[in-house]
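Visitor: pasting the structure only:
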């Protein structure tokens, strides 16, 4: 059973889409007597700078057509449809003659790749795992492919890295082949395509029908719309052939929502098995020990007041909590330890302006709050301390500061006391009463314990929506 994978066939400016190339290839394989049992849409490291949009590769699992014929048809399809005339586009194809086992895409719930980790070579699986969190090179991809006799080829003369390196798409293609061995959580996307001669023109999609279908499918189907902004999230703005893409936990539910949307003619449609919405790009990390260009899940304590800076971006410094085990914090604990804010900030977390109302959640944080943060880590050359920025995708409030020190009031007259001098406490000038120091008072908080996330309109493809569940604390989903 050959696996054929393609990547980097689209262009930021000239359109096309790797999923469309994959669908057209699947049709040609089936016309040649084959059967496509699974279409995989595999999201890779979202921090890779030379990506087009979502940094996705496509793999097809094929039966009934040998590897040579599969490779020939793949090359023919990529040459016809890839935007190879864009010098930043660098298409690549890899074909592996491996049967990974498992079930067909529409055979119900369960693990679609029960035996994949045993059937795929270890180094292919390891490469696929790293492709979610590192920036990999073409030479390594070629060496692994050659080692196992995988057929591979590049097309066009461009290089998505801007340096003219042809065939960088083979990196993503090899990662898509190895994906079944490393991903243990899969979702679905039903993609509907418009007629090619309409590409580059405004899409005709009835927004009212999208919201109605989204409401009927939620929460099994998610990130179809953003109810806060009124945006139709499932309809892209890029000039490619996708009309809309419906994501969810059930293939049949995604198909029902897609079919309920009123729009211009749908030329063709296909369902993909995907790692979207799974947080597969996040690794557990430690503040002060994060790599540039990788996604992390880290725990820390808010070190200072959040600050809204130019452009509407909200910055919050975070310090290490190495001496405090807050990952498994008791949900009944409501008082954080503000003393840990004496440490120097180890990280700057940022909620960017496009995350909209999520910024209000970040602004509501206070020094001493203990949080778990998720996002992409970036270190810019010459960046001052704290070194590194975490681009927030979601965060969990583990403990909240519930009190704050304030100047005491006079128990006799109710007026605010004045300082009696350094180290001498406070006194009421009118009544003569005194107090040894500031007193703790309860403060109202606009946050609760649990997880908060960016809205659907700002969510990365691979980021897991809270509504999908499986989180370690209460959730506050955005719809």
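Guide: Structure's in. What do you need? Everything numeric here is computed off the predicted structure, so don't read it as measured data.
Visitor: okay, CA-based contacts and neighbour counts for the rest of this
Guide: Noted.
Visitor: quick one: low-confidence ranges for the stretch 151-300 of the chain?
Guide: The stretch 151-300 of the chain contains residues with pLDDT under 70 at 156-165.
Visitor: can you give me the helices for it?
Guide: In chain order, the stretch 151-300 of the chain shows helices spanning 169-178, 207-217, 251-259, with DSSP state H, counting those that start in this stretch as the criterion.
Visitor: highest average neighbour count across these?
Guide: helix 169-178 (a mean of 30; mean count of other CA atoms under 10 Å).
Visitor: out of the helices of the stretch 151-300 of the chain, nearest to residue 356?
Guide: Each of the helices of the stretch 151-300 of the chain was checked against residue 356 via CA to CA, and the shortest separation belongs to helix 207-217, namely 20.0 Å.
Visitor: which other helices and strands contact the closest one?
Guide: helix 251-259 (3 or more CA pairs under 8 Å, 6 or more residues apart in numbering; DSSP states H and E).
Visitor: okay if I get the helices of the stretch 151-300 of the chain as CSV plus distance to residue 347?
Guide: Listed next are these as CSV, based on distance: least, CA to CA, whole Å:
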stretch, distance to residue 347
helix 169-178, 30
helix 207-217, 38
helix 251-259, 39
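Visitor: got the end-to-end distance for stretch 187-198?
Guide: Here the two ends of stretch 187-198 are set 29 Å apart, with distance taken as CA to CA, to the nearest Å.
Visitor: which residues sit against that stretch?
Guide: Taking CA atoms under 8 Å, 6 or more residues apart in numbering as the criterion, the residues outside stretch 187-198 that touch it are 20, 241-251, 254-255, 258, 264-278.
Visitor: picking up where we left off before, just tell me which of the helices of the stretch 151-300 of the chain ends up closest to residue 451.
Guide: Counting by CA to CA, and looking across all of those, nearest comes helix 207-217 at 22.6 Å.
Visitor: which other residues reach the closest one?
Guide: With CA under 8 Å, 6+ apart as the test, helix 207-217 has contacts from 221, 222, 224, 225, 232, 253, 254, 257, 258, 260, 261, 262.
Visitor: 10 Å instead?
Guide: By CA atoms under 10 Å, 6 or more residues apart in numbering, the surrounding residues in contact with helix 207-217 are 220-227, 230-235, 244, 246, 248, 253-254, 256-263, 479.
Visitor: now for the longest strand anywhere in the chain, which elements pack on it?
Guide: Ranked by residue count, the top strand of the chain under DSSP state E comes out as strand 389-399. Strand 389-399 sits against strand 294-302, strand 314-319, strand 347-351, helix 358-363, strand 370-378, strand 450-453, with contacts defined as 3 or more CA pairs under 10 Å, 6 or more residues apart in numbering; DSSP states H and E.
Visitor: what residues does the very next helix or strand once past the first one touch?
Guide: Past strand 294-302, heading to the C-terminal end, the next element that is a helix or strand (DSSP states H and E) is strand 307-308. Outside strand 307-308, the residues that touch it by CA under 10 Å, 6+ apart are 313, 314, 315, 316, 317, 350, 351, 352, 353, 359, 362, 363.
Visitor: If we use 8 Å, what do you get?
Guide: Residues outside strand 307-308 that contact it (CA under 8 Å, 6+ apart): 314, 315, 316, 363.
Visitor: now, which of the residues you listed sits nearest residue 289?
Guide: residue 316 (18.4 Å).
Visitor: Excluding covalently adjacent residues, which one is nearest to the closest one?
Guide: Closest residue in space to residue 316, ignoring its immediate chain neighbours: residue 306 at 4.4 Å, by CA to CA, 6 or more residues apart in numbering.
Visitor: Who are the contact partners of the one you found?
Guide: With CA under 8 Å, 6+ apart as the criterion, the residues that contact residue 306 are 314, 315, 316, 317, 362, 363, 364, 365, 366.
Visitor: could those residues go into CSV alongside neighbour count, distance to residue 210 and pLDDT?
Guide: Converted to CSV, the contacts of residue 306 look like this (neighbours: other CA atoms under 10 Å; distance: CA to CA, whole Å; pLDDT from 0 to 100):
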residue, neighbour count, distance to residue 210, pLDDT
314, 21, 32, 97
315, 24, 35, 96
316, 24, 36, 96
317, 23, 39, 95
362, 24, 30, 97
363, 17, 32, 97
364, 12, 33, 97
365, 22, 35, 97
366, 20, 39, 95
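Visitor: Residue 449: which of those residues is nearest?
Guide: Taking CA to CA as the measure, residue 449 sits nearest to residue 365 out of those, at 11.4 Å.
Visitor: can you confirm that closest one is in a strand?
Guide: No - looking at residue 365 with DSSP: H, G, I helix; E, B strand; the rest coil, it is coil, so not inside a strand.
Visitor: these two touch, right, it and residue 304?
Guide: No - using CA atoms under 8 Å as the test, residue 365 is too far from residue 304 to be in contact (9.1 Å).
Visitor: Just give me the neighbour total for residue 27.
Guide: For residue 27, the neighbour count with other CA atoms under 10 Å is 13.
Visitor: ok, now how distant is it from residue 45?
Guide: With distances defined as CA to CA, the gap from residue 27 to residue 45 amounts to 29 Å.
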